[in-house]
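Undergrad: The amino acid sequence is not available; the structure is as follows:
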């Protein structure tokens, strides 16, 4: 859910990539699939629905990394902070999931959240709050 103030845009993968992610910026390695795809866990989405779609890293990508980038978000102001809530599943003890922030005046990506080294095999949720006075991508 991409939340700016009162408007909340829900982002799922039922028909394609959601609007918040670059449609053509899906790096090799990411697969849009559901729990019925016989690719191993997870066997359902975070609501327990086995036909609902989510993004998953291909097993060929076990030793490398793949990135998802959002579209450009507009600057925040006092009334509109940006909150992004996402659900994630880690099924590999060596995996690391990171969220980075790239402001448009900067070349570098700042790491604002990460989780690693915990074999959960369950869906977890996390919410990050972003405050930026300029356009940015996540």
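TA: Good, I have the coordinates. In this text the structure is predicted, and so the values were computed from the model without any measurement.
Undergrad: tell me the centre residue of the protein?
TA: Residue closest to the average C-alpha location in the chain (Cα atoms, centre = their mean): residue 86, at 6.1 Å.
Undergrad: Quick check, residue 136 in contact with residue 73.
TA: Yes: with contact defined as Cβ atoms under 8 Å, residue 136 counts as touching residue 73 (5.5 Å). (C-beta placed from N, C-alpha, C; glycine too.)
Undergrad: Need the overlap of contacts for the two.
TA: Jointly contacting residue 136 and residue 73 under the rule Cβ atoms under 8 Å, 6 or more residues apart in numbering are residue 130.
Undergrad: list the contacts for the residue nearest to the centre of the chain?
TA: So, once contact is read as Cβ under 8 Å, 6+ apart, residue 86 ends up touching 125, 126.
Undergrad: Mind checking which of residue 136 and residue 73 has more residues around it?
TA: residue 136 (22 against 19; other Cβ atoms under 10 Å).
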